[in-house]
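Asker: any chance you can model this:
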Amino acid sequence: MNHNGIDNLLSELQKSEIRIKKGGGKARIQKEHLKGKLTARERINLLLDGDSELFEIGLWAAYEMYKDEGGCPSAGVVAGTGKICGRTCMIVANDATVKAGAWFPLTAKKNLRAQEIAMENCLPIIYLVDSAGVYLPMQDEIFPDKEHFGRIFRNNAVMSAKGIPQIAAIMGSCVAGGAYLPIMSDEALIVDGTGSVFLAGSYLVKAAIGEEVDNETLGGAATHTEISGVTDYKMKNDTECLLTVRDLVDKLGPFREAGFNRKKPLEPEKEISEFLKNFPDDSTKPYDTYPLIKSLVDNSSFTEYKRGYGQTLITGYARIDGWSVGIVANQRSIVRSKSGEMQIGGVIYSDSADKATRFILNCNQKKIPILFLQDVTGFMIGKRSEHGGIIKDGAKMVNAVANSTVPKITIIIGNSYGAGNYAMCGKAYDPRFIYAWPTARIAVMGGTQAAKVLTQIQVSSLEKKGKKLGDDDKAAILEKIKSRYDRQTDVRYAAARLWVDAIISPYETRKMISHSIECANQNPDIPDFRTGVIQV
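Answerer: Numbering: from 1, shown residues only. Okay, here's the model as predicted:
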């Protein structure tokens, strides 16, 4: 893929992102303004420091999902990290322009991911509440399970016990079970005239117990600041509310840091644009990963570990924006092993897995965050690999990744297939942050291989039923299956389901890594590292 190819792909994604950020659309935004309310993104902009940006997570959440319900841009909630009075915080803001801020299944999943990031990195979390509650037609997919709606309130309690500050601003509706979120926070603000919080609204109260009462009397700002004492601050409008939140964050006490090693940053040896010129548009083609590393790390800071051994993985220590990091990267060029064997780039061999395992142990020993640069097609297969113990060596690497206690940050550059996704710290292995380039593809195997396997199965089944298939019939089946599989491996499909936190521009990779380590540095507690049983 040449330079222009990447830029064209980014341009396509950015056009979609502009539409997503409009939430429910212009008419809905105007409706919120007529109520005297700011939109979720306007609220966040006012809350953040003037020189801070929102490092958004889950922008693509629910993309092309819930079509029968009219869609749910960004899962109806805006979330991300940014600085408030110099302190990095997690911000979660319901978007009332999308189904009145109702909670869909992906809304809950996105909120839980935001809380998880806050807990893992000890970030204060600010909730800007404006939600009609659970989207009732889908209540069975959001209400009862472990990772559903109720887990959010459990996390409120856990974060409180851990001493992680939580501040909630009730800036619109807050009903039913959702009422517990702001009240389980450390402090709650409510906007007079637009904010309300109650377990049941006036219609349900009338239906359930026959009582006639309006929503403002039932659970408005005056009720909860002057009668019930449920909330702590009554605010006259959104602006005053957000400025008060800033005042509260400004007065937070000191916090300890992990103390990750950082020195004065140096510019990289190479521009990432140089690497992108030679980045192939065909994900099966090889390329050299070293120029990518040189475009990310501070100049002359890369110290490679076991360079001549296990060459389909590159491991080494470096600095990125001054931060000390350990890097585990798939080498996508074809290399020759010490025995003279040609090894396929992007495939993890036994020696590569063995090297990575030892390197991960070293990073944990030295308390150095680990960066995984993924472009992996999986572990090597075949008789020679199986006889050589590839499963044993792969299991060692997976064990080390799973039990690693230092912060892990994952960037998916291209392929992320099969067990290679696991070994290179995919979503299931608790990376503090996981990002994807627009070129990323996540699946159990590559599209062409998967389509051929599935086609063989379908053709065999049809022929057993007595159907005669010609070459054109088989080709049509293959194309249909491949088309579906390609759609499922598109990075937008992954981002919609929150398999990654964000789709990022290659040009912003270094900045995102630095910000992720800065967030991770706010959690001082790094448990001692130990592995389980490993076959040697």
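Asker: what residue is smack in the middle of the chain?
Answerer: Nearest to the mean C-alpha position of the chain, by C-alpha atoms, centre = their mean, lies residue 501 at 1.6 Å.
Asker: wait, doesn't that one sit right on residue 434?
Answerer: Yes - if you go by C-beta atoms under 8 Å, residue 501 and residue 434 touch, sitting 5.5 Å apart. C-betas here are computed from N, CA, C, even on glycine.
Asker: now the residue nearest to the centre of the chain, nearest residue through space, not along the chain?
Answerer: Leaving aside its chain neighbours, residue 501 sits nearest to residue 57 (4.4 Å; criterion: C-beta to C-beta, 6 or more residues apart in numbering).
Asker: list the contacts for that neighbour?
Answerer: By C-beta atoms under 8 Å, 6 or more residues apart in numbering, residue 57 lies in contact with 79-81, 110, 113-114, 117, 501-502.
Asker: looking at the residues you listed, which is nearest residue 440?
Answerer: For the contacts of residue 57, the minimum distance to residue 440 (C-beta to C-beta) is 11.2 Å, reached by residue 502.
Asker: any idea what the nearest residue to that closest one once chain neighbours are set aside is bridged to?
Answerer: Spatial nearest neighbour of residue 502, excluding adjacent residues (C-beta to C-beta, 6+ apart): residue 435 at 5.3 Å. Using DSSP bridges, the bridge partners assigned to residue 435 are residue 411, residue 502.
Asker: what's the local residue count around residue 435?
Answerer: By other C-beta atoms under 10 Å, 23 other residues sit near residue 435.
Asker: that one and residue 516, how far apart?
Answerer: 8 Å (C-beta to C-beta, to the nearest Å).
Asker: which residues are in contact with residue 526?
Answerer: Counting by C-beta under 8 Å, 6+ apart, residue 526 makes contact with 258, 367, 405-406.
Asker: can you flag the buried ones in those?
Answerer: Using 16 or more other C-beta atoms under 10 Å as the burial test, the contacts of residue 526 include 258, 367, 406 as buried.
Asker: and these, which is closest to residue 335?
Answerer: Distances from residue 335 to the buried ones among the contacts of residue 526, taken as C-beta to C-beta, are shortest for residue 406 (27.9 Å).
Asker: wait, residue 256 sits on residue 524?
Answerer: Yes - counting by C-beta under 8 Å, residue 256 does reach residue 524; the two are 4.1 Å apart.
Asker: now, which of the contacts of residue 57 sits nearest residue 490?
Answerer: residue 502 (15.3 Å).
Asker: check the residue lying farthest from the centre of the chain and give its pLDDT.
Answerer: Farthest-out residue of the chain from its mean C-alpha position, per C-alpha atoms, centre = their mean: residue 466, at 47.8 Å. According to the prediction, residue 466 has pLDDT 82.
Asker: helix, strand or coil for it?
Answerer: The three-state label given to residue 466 by DSSP: H, G, I helix; E, B strand; the rest coil is coil.
Asker: quick one, phi psi at it?
Answerer: For residue 466, the backbone dihedrals are phi 90, psi 10 (criterion: degrees, to the nearest 10).
Asker: again with residue 79
Answerer: Here is the backbone geometry of residue 79 (degrees, to the nearest 10): phi -140, psi 150.
Asker: quick one: it from residue 505, how far?
Answerer: Distance from residue 79 to residue 505, by C-beta to C-beta: 19 Å.
Asker: higher neighbour count, these two?
Answerer: Higher neighbour count among residue 79 and residue 505: residue 79, with 29 against 17, using other C-beta under 10 Å.
Asker: check the more buried one and give its pLDDT.
Answerer: For residue 79, the model assigns a pLDDT of 98.
Asker: bridging residues for it?
Answerer: With DSSP bridges applied, residue 79 shows beta-bridge pairing to residue 57, residue 92.
Asker: you'd agree it is up against residue 92?
Answerer: Yes - using C-beta under 8 Å, residue 79 is in contact with residue 92, at 4.8 Å.
Asker: which neighbours do the two share?
Answerer: Common neighbours of residue 79 and residue 92 (criterion: C-beta under 8 Å, 6+ apart): 111, 114.
Asker: can you lay out the contacts of residue 526 as a markdown table showing secondary structure, pLDDT and distance to residue 121?
Answerer: Formatted as a markdown table, the contacts of residue 526 follow (DSSP: H, G, I helix; E, B strand; the rest coil; pLDDT from 0 to 100; distance: C-beta to C-beta, whole Å):
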| residue | secondary structure | pLDDT | distance to residue 121 |
| --- | --- | --- | --- |
| 258 | coil | 96 | 9 |
| 367 | coil | 97 | 15 |
| 405 | coil | 97 | 14 |
| 406 | coil | 98 | 13 |
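Asker: pull the most distant pair out of those.
Answerer: The largest separation in these, counting by C-beta to C-beta, is between 258 and 405 at 11.1 Å.
Asker: now do the residue lying closest to residue 85 once chain neighbours are set aside against residue 48, distance only.
Answerer: Distances taken as C-beta to C-beta, 6+ apart place residue 250 nearest to residue 85, at 4.0 Å, with adjacent residues excluded. Distance of residue 250 to residue 48, computed by C-beta to C-beta: 13 Å.
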